[in-house]
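A.B. asks: quick check, what structure comes out for this input:
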Amino acid sequence: MIGFILISAVIGALAAWRLAMPFFKASASGTANRILALAAVPVVLLGALGLYFVNGEPDAPGAPYSEVAARLNATNPEELSPDEQEARLRAILREDRDDLQALTLLGRFLARTERELEAVTFFTRALQIEEDPRILSDLGQALVVLNDGQVTPEAERAFDAAYALDPTLPEPAFFLGAAYYARGDLNGAARVWSDIIARLDAGDPFRAAIAARAADLLSRPQGGPGSDGAAPFADAIAVGAAPEDLANMMVDRLEMRLEDDPDDLSGWLTLARARWMQDEPEAGHAALDRARTRFENNPGALVLISAMQSAFSGEESDG
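C.D. replies: Below you'll find the model as predicted:
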């Protein structure tokens, strides 16, 4: 302990001397400055010693950093606490800042512990070493969480790159479809979602989750009367048409549009949902049957249609 105090004193004296040097270099007439310089030496020295006595723990066992790092590295990761796991990854990166696995694992650990901004930094460093689709997906997801669920342009670029490298990964495809949907590109969203659903195994939980969510989003009515700048139902509204009459007019208009564009999967799902909400389940099922016929060669689209059918069946049984 005495040795440590002496070392601290020497360090404090050297620090004080460096602080005082500008005063010694003052002009010969600066006597007051030299006095201040001499006074600064014991002040800084006492301050250094005081900080040690207040904050130091001379009786703590402690351990050199190298010993801690060696212990963490020699321990089974499953036996480490979360803090120790993080410390182990950071220790690896101190030895090799380009360790791709450590960069990726630390980024994922930080993302799981709500430190997305730092996670983005590590994912970016990892991608400078290797453009890996999973790391790109990790980066995109961290950016989405960081921006309160919004698929920003930066996140979309990451998902797009991941999807191009590996179209079998479910997360990039889902979020890429979500970006299309947010822009109003329903056909683009339906295409990406149908594609990933078709690629996933039947028992994959991602398959059912994406199908249910995609069917829900794609079946939601988009806009309303006059949403394209026109007002096709203005006359009916002006004469005080009942809300249900307006709804019927919009659904009939959707059916007419599907006659001209039968490849609009979102349109068929929306029509089925609308008929269902109008308490016309048979018409809803008929719309889905027509959609199945149209998309019989699209396995992903058929899964989406079945997901919509399941939603109908669940509501009907509840009713």
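A.B. asks: give me the nearest residue to L143, chain neighbours excluded.
C.D. replies: A155 (3.9 Å; Cβ to Cβ, 6 or more residues apart in numbering). Every residue, glycine included, has its C-beta placed from N, CA and C.
A.B. asks: list the contacts for that neighbour?
C.D. replies: 139-141, 143-144, 147, 175, 179 (Cβ atoms under 8 Å, 6 or more residues apart in numbering).
A.B. asks: export those as TSV, with columns for secondary structure.
C.D. replies: Below are those laid out as TSV (DSSP: H, G, I helix; E, B strand; the rest coil):
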residue	secondary structure
L139	helix
G140	helix
Q141	helix
L143	helix
V144	helix
N147	coil
F175	helix
A179	helix
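A.B. asks: which pLDDT value goes with I196?
C.D. replies: In this prediction, I196 carries a pLDDT score of 97.
A.B. asks: ah, wrong one, I meant G30
C.D. replies: 48.
A.B. asks: use 41 as the first number from now on
C.D. replies: All set: I'll call the first residue 41, so the last point we hit is now G70.
A.B. asks: gap between the residue nearest to L183 and D225?
C.D. replies: Distance, A195 to D225, by Cβ to Cβ, to the nearest Å: 16 Å.
A.B. asks: residues of the helix or strand that contains A351 that come out buried?
C.D. replies: Using DSSP states H and E, A351 falls within helix 339-358. For helix 339-358, the neighbour count (16 or more other Cβ atoms under 10 Å) marks 340-345, 347-349, 351-352 as buried.
A.B. asks: in CSV, list these along with distance to Q125.
C.D. replies: CSV is the format used below for these (distance: Cβ to Cβ, whole Å):
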residue, distance to Q125
G340, 38
A341, 43
L342, 43
V343, 38
L344, 40
I345, 44
A347, 38
M348, 43
Q349, 45
A351, 41
F352, 46
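A.B. asks: walk me through the domains of the protein.
C.D. replies: What automatic domain parsing lists as the domains of the chain is 106-206, 281-358.
A.B. asks: now R130: how far from L167?
C.D. replies: 19 Å.
A.B. asks: next, count neighbours for W308.
C.D. replies: Neighbourhood size, W308 [other Cβ atoms under 10 Å]: 28.
A.B. asks: what mean pLDDT would you report for the helix or strand hosting it?
C.D. replies: Here W308 sits within helix 305-317, counting by DSSP H and E. Helix 305-317 comes out with an average pLDDT of 93.
A.B. asks: just checking, next helix/strand downstream of it?
C.D. replies: Sequence order places helix 321-334 as the next helix or strand after helix 305-317, per DSSP H and E.
A.B. asks: show me where pLDDT drops low in the stretch 191-340 of the chain?
C.D. replies: 263-286 (pLDDT under 70).
A.B. asks: what ranges do the helices span in it?
C.D. replies: Assigned by DSSP state H, counting those that start in this stretch, the stretch 191-340 of the chain shows helices spanning 193-205, 210-222, 226-239, 245-258, 274-278, 283-300, 305-317, 321-334, 339-358.
A.B. asks: hmm, back to that, and the contacts of the helix holding A351?
C.D. replies: 230, 233-239, 247-248, 251-252, 254-256, 258-259, 305, 308-309, 312-313, 316, 321, 324-325, 328, 331-332, 335-336.
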